[in-house]
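Asker: Using only what follows, build the 3D model:
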Amino acid sequence: MSLQPDGRRRHPGKTKEMGDLMKQHHLLAIGITAFILLALAAIGGFAFWGWGVFADQAKEALNNNPVIQQHIGEVDEIELDFAATGEVEDEDVFVFRIEGSKGSGVVTAEFVSVDADTEEIRSGTLQLSSGETYDLTTPNLPFPDDE
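Answerer: The predicted structure is shown next:
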């Protein structure tokens, strides 16, 4: 055995063994962290992709609605309003800000999955930028408070 500069005894080989053990623990921690980050990225990517698919299907359902066609025209832009959607109690109701060839507005609607590729509007309203509100299930009739 030999002495270290501070006077302690040094055990040959123990420092190297401890150093190797520390390296293994660091590599294990790095591996676990990388796995967790990759898993979170995959989940986030899947959620982002899922919202994109849903938004596309919702846009198609809106473009097939006669009230939307009359007042908004073909929907060019659609944006999910997360804050407003979060305030709605029904989990099937979503709030979208939309813009089209004839105007813009806010849609609050209950969307129902018909199949894996299709969403349908079960109920909802369109509020135009001018403030007029229309029922999406009763074409061309404004709400009574708008008259």
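Asker: Look up how far residue 125 lies from residue 115.
Answerer: 25 Å (C-beta to C-beta, to the nearest Å). Backbone N, C-alpha and C define where each C-beta goes, glycine included.
Asker: And for residue 67?
Answerer: On the measure of C-beta to C-beta, residue 67 and residue 125 end up 9 Å apart.
Asker: elements contacting the longest helix seen in the chain?
Answerer: The single longest helix within the chain, with elements called by DSSP state H, is helix 14-63. The contact analysis (3 or more C-beta pairs under 8 Å, 6 or more residues apart in numbering; DSSP states H and E) places helix 14-63 against strand 75-80, strand 93-100, strand 104-115, strand 118-128.
Asker: Tell me which residues are up against the third one.
Answerer: To tie it back to what came earlier, the one meant is strand 104-115. 54, 57-58, 61-62, 68, 71-72, 81, 84, 88, 90, 92-98, 119-129, 136 (C-beta atoms under 8 Å, 6 or more residues apart in numbering).
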